[in-house]
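In: sharing a sequence plus its predicted fold:
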Amino acid sequence: MSQHRRTHQQDKLAKLYDAEILPVWAQHFGKMMLRGLTVPPKAMVLDVGCGTGYPALEILRKMDDQGRIIAIDPSSPMLDEARVKAGALSGKRIFFRSESALPKLSFTDDVYDLVVCNAGLQEFDDPESAIRDFARVTKPGGRVIVTLPLAGTYQQFFDLFREVLIKLDRSDAIDRLDAYLTRYPAVEQAKAWAYPSGEGVGVALAGEGRVYPRRIIDWHEMVNDTIAGIPVSLANCTLCGSAILYDGRVDGRVFRFGTSGLLYRSNKLMFDYKTRSLWGQFSGEPAWGPLVGAAIRLEPLPTVHTTYGEWVTAHPETLVLDINTGHIRDYSPGAAYAEYFGSAALMFPVPDAMGPAGPKAIVVAVRIGREVTGYPITDLAERGYIEDTVGDRSVIVVATADGRGGRVYERDRRFAGYDPRAGALVDAAGATWTVAEDALLGPGGRRLARLPGHNAFWFALANHAPVARLWTPE
């Protein structure tokens, strides 16, 4: 059997866990285990998944001199930390062994007076079988004590881990942590909870598709992802009704983001893991911190607000942001911010709350440079498409078949008709153009490129776009 090479990174991770995570996570559950615990004389104790020695070393203090503990864990760096803490007792009264409890414990039946597993049961695919195996190696009349976080609470561990990594400026490790935690099942696997009428944000880059259900991102508001090799962040501001996909690459650096919990003019401020600067979610520019004045801005990428059913019909190979987030939330459709979405009022005041449209009028926001034009979703759905000029660019905004969003493309001609169900435009010369994710596809291989656009409430444009304009019928 080949041996896994131990890395310096694993050693650092063990020290990080012992210093930063153990005191605020595993000890929280271990204290409940230890409360009132008594150990019989000459006891044999097994600690499964002992990590850096907790609670095994605490149990040892409750035992007489003839008692012994076997503490197992698959991580050698973790065990080395435990041996250091055990000092002279290691190898005499407590024995640390590098081994896994999977698929079953290596011990014979009826060996131990006490078997413990502190906050480690989530490592087993079948917890019930694991507990039966713990009981198998326990003597008749012995005890098995297991602590297990309740459903959803294990996410607290990862939240703590992320906070520690941020403090230590380990943005590379945060990226790997996010990749580990964020799941994207295929359409077939998501059938149990993904409803055709549910709203979502669809993305397709270089043929690779994602759909982010609104009922998930309206709670969590930030998804760091990699699509077709491009590091992206879907920054959602629920109060602004805007989910914007940003390319994380700026001037040779890659930025990943978290949600700060702060607001400016009812728009959320996000922060990057590299410099901890605050950025405006809508502007994509630094607002506070060391990057202010650096003249950098995130580039938005095309998205479309649509229904899950419409998206997966067009993109059956798409991946779906998983509803099993590890958090306890009501993910039923419309539950997130239901009162806010059901009212015309804003939650927090903004300087420009009036203007040519109601503050929460839904528009498709089209970004060309620093100019952002909003196309009211009701007008777009009624007309099917709108031809316009934004900045120095001629554009066409095309409604989705369900009328909930739109796609934006370059335009070099006039169009005369649109069939939203077929996804086909007809130009003034009678030629048919197909609405695709990366471009309008015309005869003879002609293409009109897709441009950045996304849904938003009008007040977000009025208060955060450098140059904001509301399209109105002539």
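Out: Nice, I can see it.

In: for the stretch 101-250 of the chain, what spans make up the strands?
Out: Remark: strands assigned in the stretch 101-250 of the chain by DSSP state E, counting those that start in this stretch are 112-118, 138-147, 199-205, 208-213, 222-227, 230-237, 242-247, 249-250.

In: for Pro74, what are its contacts?
Out: For Pro74, the contact set (Cβ atoms under 8 Å, 6 or more residues apart in numbering) comprises 98-100. C-beta: built from backbone N, CA, C; applies to glycine.

In: tell me how far stretch 325-333 is from the chain's mean position?
Out: On the basis of Cα atoms, centre = their mean, to the nearest Å, stretch 325-333 sits 13 Å off its chain's mean C-alpha point.

In: give the rounded mean pLDDT of it.
Out: Averaged over stretch 325-333, pLDDT sits at 83.

In: okay, buried residues for it please.
Out: 325-326, 331 (16 or more other Cβ atoms under 10 Å).

In: out of the contacts of Pro74, who's nearest Ile244?
Out: Of all the contacts of Pro74, Ile244 sits closest to Ser100, with 43.4 Å by Cβ to Cβ.

In: name the SS class of that closest one, please.
Out: coil (DSSP: H, G, I helix; E, B strand; the rest coil).

In: what's the burial count for Arg214?
Out: Using other Cβ atoms under 10 Å, Arg214 has 22 other residues around it.

In: can you name the residues that contact it?
Out: Here Arg214 is in contact with 198-201, 243, 336 (Cβ under 8 Å, 6+ apart).

In: mind running it again at 6 Å?
Out: Neighbouring residues of Arg214 by Cβ atoms under 6 Å, 6 or more residues apart in numbering: 199-200.

In: measure Phe95 to Met33 for me?
Out: 20 Å (Cβ to Cβ, to the nearest Å).

In: likewise for Tyr273?
Out: Distance from Tyr273 to Met33, by Cβ to Cβ: 34 Å.

In: same question, Gly391
Out: Counting by Cβ to Cβ, the gap from Gly391 to Met33 is 64 Å.

In: so where's the stretch 101-250 of the chain uncertain?
Out: 150-158, 160, 168-169, 171, 180-181 (pLDDT under 70).

In: go on, the stretch 251-400 of the chain?
Out: 354.

In: follow-up on the earlier one: can you tell which of the strands of the stretch 101-250 of the chain is closest to Pro290?
Out: Checked against Cβ to Cβ, the stretch from the strands of the stretch 101-250 of the chain lying closest is strand 249-250, at 13.8 Å.

In: want to throw the contacts of Pro74 into a markdown table with pLDDT and neighbour count?
Out: Formatted as a markdown table, the contacts of Pro74 follow (pLDDT from 0 to 100; neighbours: other Cβ atoms under 10 Å):
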| residue | pLDDT | neighbour count |
| --- | --- | --- |
| Ser98 | 95 | 13 |
| Glu99 | 93 | 12 |
| Ser100 | 92 | 15 |
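
In: with distance to Asp73 added, can I get these in JSON lines?
Out: Converted to JSON lines, the contacts of Pro74 look like this (distance: Cβ to Cβ, whole Å):
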{"residue": "Ser98", "distance to Asp73": "7"}
{"residue": "Glu99", "distance to Asp73": "8"}
{"residue": "Ser100", "distance to Asp73": "8"}
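
In: for Tyr273 and Met33, indicate the residue with more neighbours.
Out: Tyr273 (21 against 18).

In: and the strands in the stretch 251-400 of the chain, which stretches?
Out: Going by DSSP E, counting those that start in this stretch, the stretch 251-400 of the chain shows strands at 253-254, 257-264, 267-272, 278-280, 286-288, 299-301, 304-307, 319-320, 362-368, 371-376, 385-390, 393-399.

In: of these, which is nearest Leu37?
Out: Of the strands of the stretch 251-400 of the chain, nearest to Leu37 by Cβ to Cβ is strand 257-264, at 38.9 Å.

In: which residues does the nearest residue to Asp388 once chain neighbours are set aside bridge with?
Out: Counting by Cβ to Cβ, 6 or more residues apart in numbering, the nearest residue to Asp388 once its immediate chain neighbours are dropped is Val395, at 5.7 Å. Val395 forms beta bridges with Asp388, Glu410, as assigned by DSSP bridges.
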